[in-house]
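Trainee: Predicted model follows, preceded by the sequence.
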Amino acid sequence: MIVDSELRHLSVPERFFAYAWAYRNAAAAQCLEMASDHEACTWPNATVVLLLAAHAVELFLKGAILHHDPTADVWHHRIDALSREYLRRFPNSAFSWSVPFKSEYLGMTEAEIQEAEKTMLVPSILYRYPVSKGGEEWKTAIGFVPIEFVRILDQLKDDFDRLKALLLQRRPGELHLWFWELRDPTSGNWRKATYRMTEQDARTRHGDNARKIEGTLEVRGGDPRGLSTAASIMENLPPRRIGN
């Protein structure tokens with residue numbers, strides 16, 4: 001028997017992370033079935049995948065914010081607002097990721113954005129019901145390609161894994177940083193990679209010509225301004241090298 005008490009030893013943020021993984025995995029399972037079975041390619045199945053994925057994103061953002069500040073107000077379902085709050089609390093590029101289901105408000109002021117969000121359809125509602133209140137049709141035009149969304153869900157897993165490791169490994173006032181170096185097969189010289197890679201990507205694409213450089217930055221007094229310069233400071237730290 002599986003019981004809910006198995007999670008009670010975890011902190012609230014860690015429970016949010018656990019649920020985020022579960023929702024993403026469920027979305028991936030349904031999406032893979034759609035990608036391999038044409039008869040499963042129905043709009044109801046597509047909305048289930050979208051709902052599960054959107055909720056996974058929402059839960060992960062809430063977990064990250066609560067890990068930073070247990071008193072933060074995250075008790076709503078607006079991914080746009082949660083994304084802005086996440087960015088405000090984690091401005092360093094090490095914590096950046098492409099947040100799915102986030103709206104773009106090009107050329108709009110903060111006040112205009114907040115006003116627009118009052119009437120914005122929330123993914124957790126839009127994908128949950130076939131019609132709006134009173135049986136009204138949703139005023140949307142949405143498409144879904146299973147094989148393309150599988151890739152989005154794969155990237156989501158990589159981002160969840162990477163960001164959770166960063167969030168949970170660091171102590172208060174400490175930032176764990178890493179990047180990849182690539183070896184030129186001709187000269188044998190190592191250079192810093194200019195793009196992000198997962199461990200699997202690095203091994204698949206570069207094999208032994210890739211190595212991971214890790215280090216820890218202490219931000220004294222919890223000064224968040226120190227995080228914005230972490231990437232450049234990283235190069236002056238005595239790194240711990242993994243691999244060749």
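Mentor: Noted; the coordinates are in hand.

Trainee: Make sure residue 121 is actually in contact with residue 133.
Mentor: No: in this structure, residue 121 is not within contact of residue 133 by Cβ atoms under 8 Å, at 11.8 Å. C-beta here means a position set from N, CA and C on the backbone, and glycine is covered the same way.

Trainee: These two: which is more packed in?
Mentor: Remark: of residue 121 and residue 133, residue 121 carries more neighbours, 13 against 7, as counted by other Cβ atoms under 10 Å.

Trainee: and the gap between that one and residue 65?
Mentor: 22 Å (Cβ to Cβ, to the nearest Å).

Trainee: same check, this time on residue 107
Mentor: Going from residue 107 to residue 65 by Cβ to Cβ gives 27 Å.

Trainee: more crowded one of these two?
Mentor: residue 65 (21 against 6).

Trainee: For that one, list the residues it contacts.
Mentor: 72, 74, 82, 85, 86, 89 (Cβ atoms under 8 Å, 6 or more residues apart in numbering).

Trainee: same check, this time on residue 153
Mentor: Contacts for residue 153 were tallied using Cβ under 8 Å, 6+ apart; they are 24, 27, 28, 31, 53.

Trainee: Could you list the buried residues of the helix or strand where it lies?
Mentor: Residue 153 belongs to helix 146-169 when assigned by DSSP states H and E. Neighbour counts using 16 or more other Cβ atoms under 10 Å place 146, 149-150, 153, 156, 158-160, 162-164, 166-167 of helix 146-169 among the buried residues.
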